[in-house]
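Participant: Got a predicted structure here, sequence first:
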Amino acid sequence: MEILRSIVVLVHLVGFATLFGAWVVELVGQRRVTRIMHWGLGIALVAGLALSAPWGLDHDLNYAKIGIKLVVLVLIGGLLGAGAGRLRKSGSVPAGIFWPIGILTLLNAGLAVIWR
């Protein structure tokens, strides 16, 4: 069971890396929201929900941490949606939408690593 959980953690990290990596690429590029960011968010969400299930753990889950990380993920999703809409409508993503995507993504990873 621990091997399966470790695989899900790896998939969760791949989702984060996809989202944050695509954001960094766009940071040095055209500063737009891409489909790859949406895919990374979806992968991180599904794997995160799988990790929040109490399956074969010898300790209790930190539901406050899980809830806060989920709220941050929903905020990132809202910003991605708003950014994609603005990109379609005007051809650019405002800095007030683009920058929080990366900052909140990094915050979510920081919460996972630092908060035990």
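Facilitator: Cool, got the structure. Residues are numbered from 1 along each chain as shown.

Participant: And the residue positioned nearest the centre of the chain, what's its pLDDT?
Facilitator: By C-alpha atoms, centre = their mean, the chain has its centre lying nearest to L41, at 4.6 Å. You'll see L41 listed with a pLDDT of 98.

Participant: i'd like the first residue to be 566 from this point on
Facilitator: Sounds good: first residue 566 from here, last item L606.

Participant: Mind listing what's buried along the helix or strand F581 falls within?
Facilitator: Assigned by DSSP states H and E, F581 falls within helix 567-593. Using 16 or more other C-beta atoms under 10 Å as the test for burial, helix 567-593 gives 573, 576-577, 580-581, 583-585, 587-588, 591. Backbone N, C-alpha and C define where each C-beta goes, glycine included.

Participant: which residues of the protein score low on pLDDT?
Facilitator: 621-622 (pLDDT under 70).

Participant: distance of the residue with the largest distance to the centre of the chain from L635?
Facilitator: Distance to the chain centre peaks in the chain at D623, reaching 26.6 Å (criterion: C-alpha atoms, centre = their mean). According to C-beta to C-beta, to the nearest Å, D623 and L635 sit 24 Å apart.

Participant: got it, and L626?
Facilitator: Taken as C-beta to C-beta, the span from L626 to L635 is 13 Å.

Participant: More neighbours: which of the two?
Facilitator: L635 (15 against 12; other C-beta atoms under 10 Å).
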